[in-house]
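[1] fold the following.
(one chain, ligands or ions: 1)
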Amino acid sequence: MEIFLGIDVGSTTSKAVLIDNNEKIISYSVVRNSYDLAQSGAKALNMALNRCGISKSRISYAVSTGYGRRIINFQNEAFPEIICHAIGTIKIVPTCRTIIDIGGQDSKIIELDEKGNCKKFQMNDKCAAGTGRYLDKLATEILHVGVEQLGEISLKSKNPLALSAQCTVFAESEIISYLSHGEKIEDIIAGMHRSLVRRVLDIGKSAFIKFEKDIVFTGGVAKNIGVVAALEQSLGQKIIVPTEPQLTAALGAALIAKRNFYLKTK
Ligand code: ADP
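    Prediction:
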């Protein structure tokens, strides 16, 4: 049996996916990055290998992707994230036409054609607003709430508050002012989710993305059920969240690894 590795070294987390020749996922990992991206990528790989008891030498071909895809040194090839996201997401949801990916420090919207090819995409990696960083910073530094709790808390809100979608620093002062006026934390958090969603959808609209269904929401922020609800409300339709939304680009990279291994060894 051949083993293929896809590794996605993002700005916030590193993800590794191991697949076999039947494209079945045999192991995976998600690790939070340290300042040393090369070490974080290696840690993700080792964790995935340890989980299935397979040694590194068994990997026939490896493809890396993500922000740090060239920082690690155990890949055969490096591929851009957009292609890997598209291939990985289509594998999980073949009917997908739009991918909304919100990661730790960037967000992207990808439009696919009926064959799953990337038609266009738009990315925001210049500003914390519209990325996971917006929620991370406001939740942990101002509200002192873990990001994992944001979704549940926000669903209690009956009156989401208006917040700046353009700037994390402005949103910070608005939240401090809301807190001093005794506003409810659930209303503040629901407002944060709405602002994040507004910003991300505006990025897509600026590139004339049509948001056709099926819409698949990926990246770490897709684990936040409050953001999922805010997205569904804004788009007026159901969105699909894969069981492990952080893994799609790594899975796409693993599928490319398999394809290229057979192309090169033919
Ligand atoms: P990247 O690929 O850009 O490195 P990820 O797609 O892994 O990043 O997303 C990281 C983001 O996901 C962070 O902002 C983090 O707070 C958020 N996140 C991760 N897990 C959860 C969770 N369980 N609930 C809410 N947010 C989460």
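[2] and the helices in this protein?
    37-52, 81-92, 132-137, 147-154, 168-180, 185-206, 225-235, 248-265 (DSSP state H).
[3] for the ones you listed, which one sits closest to the ligand?
    Ranking those by proximity to the ligand (CB to the nearest ligand atom) places helix 132-137 first, at 2.2 Å. Where C-beta positions appear, they are placed from N, C-alpha and C, glycine not excepted.
[4] how far does the closest one sit from its chain's centre?
    Computed by CA atoms, centre = their mean, to the nearest Å, the chain-centroid distance of helix 132-137 equals 13 Å.
[5] enumerate the residues of the stretch 151-266 of the chain near the ligand.
    219-221, 223-224, 246 (CB under 6 Å from any ligand atom).
[6] name the residues linked to the residue nearest to Lys264 when sequence neighbours are not counted by a beta bridge.
    Distances taken as CB to CB, 6 or more residues apart in numbering place Tyr61 nearest to Lys264, at 7.9 Å, with adjacent residues excluded. Beta-bridge pairing for Tyr61 (DSSP bridges): Phe4.
[7] any buried residues in stretch 82-93, and which?
    82-93 (16 or more other CB atoms under 10 Å).
[8] actually stretch 259-266, not the one I wrote
    Buried-residue list, stretch 259-266, by 16+ other CB under 10 Å: 260-261.
[9] how far does it sit from the chain's center?
    With CA atoms, centre = their mean, you get 29 Å for stretch 259-266.
[10] now what about that stretch, what contacts it?
    For stretch 259-266, contacts defined as CB atoms under 8 Å, 6 or more residues apart in numbering pick out 2, 4, 60-61, 63, 76-77.
[11] what do you get if the cut-off is 10 Å, keeping everything else the same?
    Applying CB atoms under 10 Å, 6 or more residues apart in numbering, the external contacts of stretch 259-266 come out as 2, 4, 21, 23, 59-63, 76-77, 79, 87.
[12] one step back: closest to the ligand out of the residues of the stretch 151-266 of the chain next to the ligand?
    Gly220 (2.0 Å).
[13] and the closest residue to that closest one other than its chain neighbours, how many residues sit next to it?
    Leaving aside its chain neighbours, Gly220 sits nearest to Gln246 (5.2 Å; criterion: CB to CB, 6+ apart). Neighbours of Gln246 under the rule other CB atoms under 10 Å: 24.
[14] one more: His181?
    His181 has 7 nearby residues by other CB under 10 Å.
[15] tell me the pLDDT at it?
    In this prediction, His181 carries a pLDDT score of 96.
[16] what about this protein, any weak spots by pLDDT?
    The chain contains no residues with pLDDT under 70.
[17] now do the contacts for the residue nearest to Lys264.
    2-6, 75-77, 254, 256-262, 264-265.
[18] go on, Phe211?
    The contact partners of Phe211, taken as CB under 10 Å, 6+ apart, are 97-98, 100, 109, 111, 201, 204-205, 234-237, 239.
[19] please apply the same query to Ala229.
    Applying CB under 10 Å, 6+ apart, the residues contacting Ala229 are 151, 154-155, 157, 190, 193-194, 197, 239.
[20] just to revisit the earlier point, farthest pair within the residues of the stretch 151-266 of the chain next to the ligand?
    Farthest-apart pair in these is Asn224 and Gln246; separation 12.1 Å (CB to CB).
[21] thinking Gln233 is in contact with Leu201, fair?
    No: with contact defined as CB atoms under 10 Å, Gln233 does not reach Leu201; the gap is 11.2 Å.
[22] more crowded one of those two?
    Under the neighbour definition other CB under 10 Å, Gln233 and Leu201 were set side by side, and Leu201 has more, 20 against 13.
[23] hmm, back to that, Throw the contacts of Ala229 into a markdown table and include neighbour count and distance to Asn117, thanks.
    Shown next, in a markdown table, are those (neighbours: other CB atoms under 10 Å; distance: CB to CB, whole Å):
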| residue | neighbour count | distance to Asn117 |
| --- | --- | --- |
| Gly151 | 19 | 33 |
| Ser154 | 25 | 36 |
| Leu155 | 14 | 36 |
| Ser157 | 20 | 39 |
| Ala190 | 25 | 36 |
| His193 | 28 | 31 |
| Arg194 | 24 | 32 |
| Val197 | 25 | 27 |
| Ile239 | 18 | 21 |
